[in-house]
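Trainee: Requesting a structural model of the entry that follows:
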Amino acid sequence: MPTLTIDGTEVTVDPGTTVLQACEEAGVEVPRFCYHERLSIAGNCRMCLVEMEKAPKPIASCAMPAGDGMVIHTNTEQVKKAREGVMEFLLINHPLDCPICDQGGECDLQDQAMAFGRGNNRYDENKRAVKDKEMGPLISTTMTRCIHCMRCVRFSEEVAGVPDMGALYRGENMQITTYLEKTLDSEMSGNVVDLCPVGALTSKPYAFTARSWELKHTQSVDVMDAVGSNIRVDTRGAAVMRFLPRLHEEINEEWISDKTRYAFDGLKVRRLDAAYVRKGKKLVEANWGEAFAAVKTALKGVKGNEIAAITGDLADMESMAALKDLMGTLGSDRIECRQDGSHAESGTRAGYIMNSGIAGVEDADYLLMVGVNPRLEAPILNTRIRKAVRHFGLKVGTIGASADLTYKVDEYGDDASVLDAVLSGKHDAAKALKAAKKPMIMVGQAALARVDGAAILKATRDIADKYCVSKDWNGFSMLHNAAGRVGGLDLGLTTDGGVNGILSDARDGKLKLVFLLGADEIDTSALKDTMVVYIGTHGDEGVKNADIILPAAAYTEKLGTYANTEGRFQRTEKATFAPGAAREDWTIFRALSEVLGNTLPYDNLAALRTRIAKDVPEFEQIDVQKAAEWGDFGTKGKIAQGAIAPAIENFYHTNPIVRASQIMADCSEARGGLVEEATGTNG
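Mentor: Numbering: from 1, shown residues only. Below is the predicted model of the structure:
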């Protein structure tokens, strides 16, 4: 391992470490624009120049490998002059936009010009001007500010896997653009806004709405999918102004999807901010007392076996546990969290989580995906798979619909019955699994929601048991697309017949009352003759046939716990207050239980969480991924021939928040609805 001296301090670093990284380990700040630790080295801004003894001129520290015996100086007069010269050149054509630039207060160029610049400019020539580019509804461009660091180009090609961006022309005429000047064709495009060190690429929906110093920052967790990306919620007053990523190496690194980043306007519109009770054929606004009284009246004479509940994809564990307890006081245990009809089973935790972990994808050398399109279901996971394919030699095979996942894939056909051949060992996928040292099999909700989903689950479990599970490795993974699903399975919210059984019994008149906790992904027409109590945030599908509506808080407005697809418990924080009369879901059930005469045994969140921990032992271990004990799950049966229908048809319309978002509607229109793509693969 090379040992070098940096400003008089000896540092030993790993082989392959650059001088810039060695300086960071020594605690020395080196300015940079083009360098980014998750992108390839470009070495084109020259801001990171340092002095190396015996070298004829300053070196670009981002591109120079650290060598044994090197002596580096970062604060000499030569380095100072070099940095001032580079900064002077960068500012030659940069417009004087600072007072009106939307990146003001968060601009790397601004900060580094103050710290390392000359303070004056010797150039009097006219500044060049570049026409702004069209990059769709998410990214605003002022390309005259661009300093050609190429971060956005490298991100789109290397991380997002969409080679739409690049540089045209040469020298002073160079321009960064999407080649056809169209919407950047990626679910991760918004990350280029974070990467841009100047104000050339900014957030179009956020533009000129707030300054960074006006905002209150709250650390939280995303619920747009089951990955559990760590985010920062920026609010001003009662309004959520934007979402930004937080660093979490094991989950989202420092990226978030466009849906996570830009759906904030959906939190402001179509909100339920008052209770409603149906009188005749009309829903009439009511206060909480009147709404609870209506629920009590509706429950009179109703037996426990005539009551059911369905929880939605965005429900937190506290809310689901309180609803489960309320149902218990009513004599019913029929509560279902799998509103898509999935045959995922509760009980054996290893059978419904991603056992390898999201970061574990980088350790695997072969991945077989069954009914999974991670690009639409979990874009963050898809970038991790792409990273493993590009850098660590991961090979990927799929059984399911053809799709452009941004990396090379061996497609084994869109027929679930192929699993029988894989299990028998006669299929090419079986040979690849057997040859791999750390193989993975990932099953998605699209496969499990089929009529034979239980048999598919059993087949994937047996394949994993045969090839993917060893003493120190469990390669069985289930990819969920609902933030509340793993938590619901941990709480045991599954019933015989699943959600389809509940809807069928409601249609047949066997159910008298159904609670819907944010359940908006079902066909509620089956409930039109059943008393429906809807608890949720938006006027979406769930309220169409509701008789009593109780307004609830969204994920940015409450303290809630979610288990992500790898089984890791994480918590949202309260960034702002719920609108109007809306309340946190668990408090609604606690107050309702008192009106019904069977008060739930907790008065605060801490007591509720203690109650949950009795049923889910790992619940209080926040942000820890624990290994689950391997077991048996699924039901042996015949897997029917036929295609696996996609789990997501429109990436931008997957829950009530994004369906209320105008920004997401604009994205959907700009990208033609983003129905499941079947355009082959892109190496």
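
Trainee: What are the phi and psi values at residue 585?
Mentor: For residue 585, the backbone dihedrals (degrees, to the nearest 10) come out as phi -60, psi -50.

Trainee: Count residues in the vicinity of the residue nearest to it when sequence neighbours are not counted, would you?
Mentor: The shortest distance from residue 585 to any non-neighbouring residue, by Cβ to Cβ, 6 or more residues apart in numbering, is to residue 319 (3.5 Å). For glycine as for every other residue, the C-beta is placed from the backbone atoms N, C-alpha and C. Neighbour count for residue 319, taken as other Cβ atoms under 10 Å: 29.

Trainee: Contacts only, for residue 319.
Mentor: 311, 517, 552, 560, 584-586, 589 (Cβ atoms under 8 Å, 6 or more residues apart in numbering).

Trainee: Nearest to residue 494 among those residues?
Mentor: residue 311 (10.8 Å; Cβ to Cβ).

Trainee: tell me, how many neighbours does that closest one end up with?
Mentor: Residue 311, neighbours per other Cβ under 10 Å, totals 31.

Trainee: got the buried residues for stretch 494-506?
Mentor: By 16 or more other Cβ atoms under 10 Å, the buried positions in stretch 494-506 come out as 494-495, 498-503, 505-506.

Trainee: again but with stretch 137-155, I slipped
Mentor: Neighbour count says stretch 137-155 has 137-142, 144-155 buried, by 16+ other Cβ under 10 Å.

Trainee: So which of those are in helices?
Mentor: Assigned to helices by DSSP state H, the following of these qualify: 151-154.

Trainee: Just the element for the residue nearest to residue 585, please.
Mentor: helix 317-329 (DSSP states H and E).

Trainee: State the mean pLDDT of that helix.
Mentor: The predicted model gives helix 317-329 an average pLDDT of 97.

Trainee: again, but for stretch 660-668
Mentor: 95.

Trainee: Now that stretch - C-alpha only, CSV.
Mentor: Provided in CSV are the C-alpha atoms of stretch 660-668 (Å, rounded to 0.1, in the frame of the first residue of the first chain):
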residue,chain,number,x,y,z
ALA,A,660,-52.4,14.0,-7.9
SER,A,661,-49.1,15.5,-9.0
GLN,A,662,-49.2,17.8,-12.1
ILE,A,663,-45.4,17.3,-12.4
MET,A,664,-45.8,13.6,-12.7
ALA,A,665,-48.6,14.0,-15.2
ASP,A,666,-46.3,16.2,-17.3
CYS,A,667,-43.6,13.6,-17.1
SER,A,668,-46.0,10.9,-18.2
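
Trainee: on that earlier part again, among the contacts of residue 319, name the ones in strands.
Mentor: 311, 517, 560 (DSSP state E).

Trainee: Wait, the first one touches residue 518, no?
Mentor: So the one you mean is residue 311. Yes: with contacts counted by Cβ atoms under 8 Å, residue 311 reaches residue 518, the gap being 7.0 Å.

Trainee: Which neighbours do these two have in common?
Mentor: Joint contacts of residue 311 and residue 518 (Cβ under 8 Å, 6+ apart) do not exist.

Trainee: Now the closest residue to residue 451 other than its chain neighbours: phi and psi?
Mentor: Once flanking residues are discounted, residue 451 sits nearest to residue 640: 7.3 Å by Cβ to Cβ, 6+ apart. With angles defined as degrees, to the nearest 10, residue 640 sits at phi -70, psi 150.

Trainee: Strands along the stretch 51-200 of the chain, start to end?
Mentor: Per DSSP state E, counting those that start in this stretch, the stretch 51-200 of the chain carries strands over the ranges 59-60, 71-73, 139-141, 165-168, 175-178.

Trainee: Nearest to residue 334 among the buried residues of stretch 494-506?
Mentor: Of the buried residues of stretch 494-506, the one sitting nearest to residue 334 (Cβ to Cβ) turns out to be residue 495, at 5.1 Å.

Trainee: Next, the contact list for the closest one, please.
Mentor: 308, 333-336, 501-502.

Trainee: mind redoing it with 10 Å?
Mentor: Neighbour list for residue 495: 308-310, 332-338, 501-502 [criterion: Cβ atoms under 10 Å, 6 or more residues apart in numbering].

Trainee: quick revisit: can you name the two of the contacts of residue 319 that sit furthest apart?
Mentor: Farthest pair in the contacts of residue 319, by Cβ to Cβ: 311 and 584, 15.0 Å.

Trainee: Could you report the neighbour count for residue 407?
Mentor: Residue 407 has 20 nearby residues by other Cβ under 10 Å.

Trainee: helix/strand/coil for it?
Mentor: The three-state assignment at residue 407 reads coil, by DSSP: H, G, I helix; E, B strand; the rest coil.

Trainee: correct me, but it touches residue 393?
Mentor: No: taking contacts as Cβ atoms under 10 Å, residue 407 lies outside contact range of residue 393: 11.8 Å.

Trainee: Run through the chain and note the low-pLDDT ranges.
Mentor: 673-683 (pLDDT under 70).

Trainee: Lovely, talk soon.
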